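# Give me the fold of what follows.
(chains A, B, C and D)
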Number of protein chains: 2
Amino acid sequence: MLRLSKFTDYAVVVLTRLEEAEEGGVLTAPGLAAATGLGEPTVSKVLKILSHAGLVESRRGAAGGYRLTRPLSQMPLTEVIAAIDGPIALTACVDNSFGVCDAEATCPVRGRWDPVNDAIRRALSGISIADLAGAPPGLPHAAPVAAE
Amino acid sequence: MLRLSKFTDYAVVVLTRLEEAEEGGVLTAPGLAAATGLGEPTVSKVLKILSHAGLVESRRGAAGGYRLTRPLSQMPLTEVIAAIDGPIALTACVDNSFGVCDAEATCPVRGRWDPVNDAIRRALSGISIADLAGAPPGLPHAAPVAAE
DNA sequence: TGCAAACCGTACCTATGCGGTCCTGTTTCA
DNA sequence: TGAAACAGGACCGCATAGGTACGGTTTGCA
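Below you'll find the predicted structure:
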């Protein structure tokens, strides 16, 4: 079905919330869980991944929390997907894998998915989280990608 | 990881084989299995799906088999993906689904994945199976992935 | 007319991986 | 010193993909 994981969706939700409350302060994982309606452990897990990827900054301690490192408009969707779901590739055959495919010898499409993956990456590279989060209240950016 | 099912990969392999042997004749599922190195039941399953989707024609009986309905150059990848994996959509939230998301009320990205899906569809719409199958017979695509 | 080959449809089983939770540290502030 | 929050694992259950098997129907050929 060509789906990506729910966590990617969660990440977008969480990141959006983080930007909304970006007043120089931080938001806690429990706070974000309450705000988004997601489970606390789940939100925490997402934030950890995003923190590793450098998309959010964490601050430990009693007054700790999370903060965006970049505005969402400068955060490409590909980075979030790569952080959560791993490298963007449609098939396992793509990344240099040998021996995993039993039809290796006779398979006529080995490595042929590359242009497809490239096309996908190009299509996604132009989309930022801000495009997904929609306009900050007041800013209507009418159909940025819908055109064409 | 944004992957699509193995069956889509198999479908491309099988379709490619079908075009190679397209001499007005048909290829049987067992024959295709032997030619591709895949399991007979698996190949059979793929062919059934492709048959339902109208990508291949089946002929029953002793001299039966499968045949392409269109040259691969006129067979967009999106049709194969749609046939095997279902409609191209990254998340369940996209198609008008209500009640499936527990964070529905507070989720700020509901329906926002649409531009992403559109971008993916556009990126894939220009690719045909022939583009994946690559060279017409005679062109040795020796170890296309061996590099790296 | 009977047999064999091949497609058709469905149901079933197994394994992988996602989604979700929990627990034990470590850090920081009041 | 205690409480709050992040860090980083391990762990478990469930859904779904991937693969298999079986009974039935169609068709060509001896």
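# Quick check: residues of chain A near DNA strand C?
A:5-7, A:10, A:39, A:41-42, A:44-45, A:59-64 (CB under 7 Å from any atom of the strand). The way it works is simple: take the backbone N, C-alpha and C, and place the C-beta from them, glycine included.
# Separate out the buried members of the residues you listed.
Applying a neighbour-count criterion of 16 or more other CB atoms under 10 Å in any protein chain shown, the buried members of the residues of chain A next to DNA strand C are A:5-7, A:10, A:42, A:44.
# what's the pLDDT at A:L15?
pLDDT, A:L15: 95.
# oh sorry, the question was meant for A:G99
pLDDT at A:G99 comes out at 47.
# Low-confidence ranges, chain A, go.
Residues of chain A meeting the criterion pLDDT under 70: A:1, A:22-23, A:91-111, A:133-148.
# So which residues of it form helices?
A:6-20, A:29-36, A:40-52, A:77-85, A:114-125, A:129-133 (DSSP state H).
# export these to TSV and tack on distance to B:A83?
Converted to TSV, these look like this (distance: least, CB to CB, whole Å):
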stretch	distance to B:A83
helix A:6-20	25
helix A:29-36	36
helix A:40-52	34
helix A:77-85	24
helix A:114-125	16
helix A:129-133	28
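# circling back: closest to B:R112 among the residues of chain A next to DNA strand C?
A:Y10 (13.5 Å; CB to CB).
# In this structure the closest one contacts A:P41, no?
No - the pair A:Y10 / A:P41 is not scored as a contact, 11.7 Å apart, by CB atoms under 8 Å.
# in chain A, what residue is nearest DNA strand C?
Going by CB to the nearest atom of the strand, DNA strand C is nearest to A:G61 of chain A, at 2.3 Å.
# how about that residue, phi and psi?
phi 100, psi -180 (degrees, to the nearest 10).
# how close does A:V13 get to A:L50?
12 Å (CB to CB, to the nearest Å).
# meant to ask about A:I88
When CB to CB is the yardstick, A:I88 and A:L50 sit 17 Å from each other.
# gap between stretch A:56-69 and the chain center?
In terms of CA atoms, centre = their mean, to the nearest Å, the centre of stretch A:56-69 is found 19 Å from the chain centre.
# ok, now stretch A:78-95?
11 Å.
# How about it and DNA strand D, any contact?
No - for a cut-off given as CB under 7 Å from any atom of the strand, stretch A:78-95 has no contacts with DNA strand D; the smallest distance is 8.8 Å.
# so what's the most centrally placed residue in chain A closest to, chain neighbours aside?
Taking CA atoms, centre = their mean, the centroid of chain A lies closest to A:V80, which sits 2.2 Å from it. The spatially closest residue to A:V80, leaving aside those adjacent along the chain, is A:A11, at 5.2 Å (CB to CB, 6 or more residues apart in numbering or on different chains).
# The one you found: neighbour count?
By the measure other CB atoms under 10 Å in any protein chain shown, the count of residues near A:A11 is 26.
# on that earlier part again, please list all residues in contact with the residue nearest to the centre of chain A.
Residues in contact with A:V80 (CB atoms under 8 Å, 6 or more residues apart in numbering or on different chains) are A:8, A:11-12, A:15, A:50, A:53, A:55, A:129.
# What subset of these is buried?
Among the contacts of A:V80, the ones that count as buried by 16+ other CB under 10 Å are A:8, A:11-12, A:15, A:50, A:55, A:129.
# farthest pair in those?
The most distant members of these, if one measures by CB to CB, are A:T8 and A:L55, lying 12.0 Å apart.
# got TSV for the buried ones among the contacts of A:V80, with distance to B:I120 too?
Output for these, formatted as TSV (distance: CB to CB, whole Å):
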residue	distance to B:I120
A:T8	14
A:A11	18
A:V12	16
A:L15	21
A:L50	23
A:L55	22
A:I129	17
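# Dump the residues you listed into TSV; add distance to DNA strand D as well.
Formatted as TSV, the buried ones among the contacts of A:V80 follow (distance: CB to the nearest atom of the strand, whole Å):
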residue	distance to DNA strand D
A:T8	16
A:A11	14
A:V12	18
A:L15	14
A:L50	9
A:L55	12
A:I129	19
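# Out of these, which comes closest to A:L72?
A:I129 (4.1 Å).
# Which residue, other than its chain neighbours, is closest to the closest one?
A:L72 (4.1 Å).
# can you tell me how far the one you found sits from chain B?
Distance, A:L72 to chain B, by CB to the nearest CB, to the nearest Å: 11 Å.
# Return the residues in contact with that residue.
Here A:L72 is in contact with A:15-16, A:19, A:128-130, A:133 (criterion: CB under 8 Å, 6+ apart).
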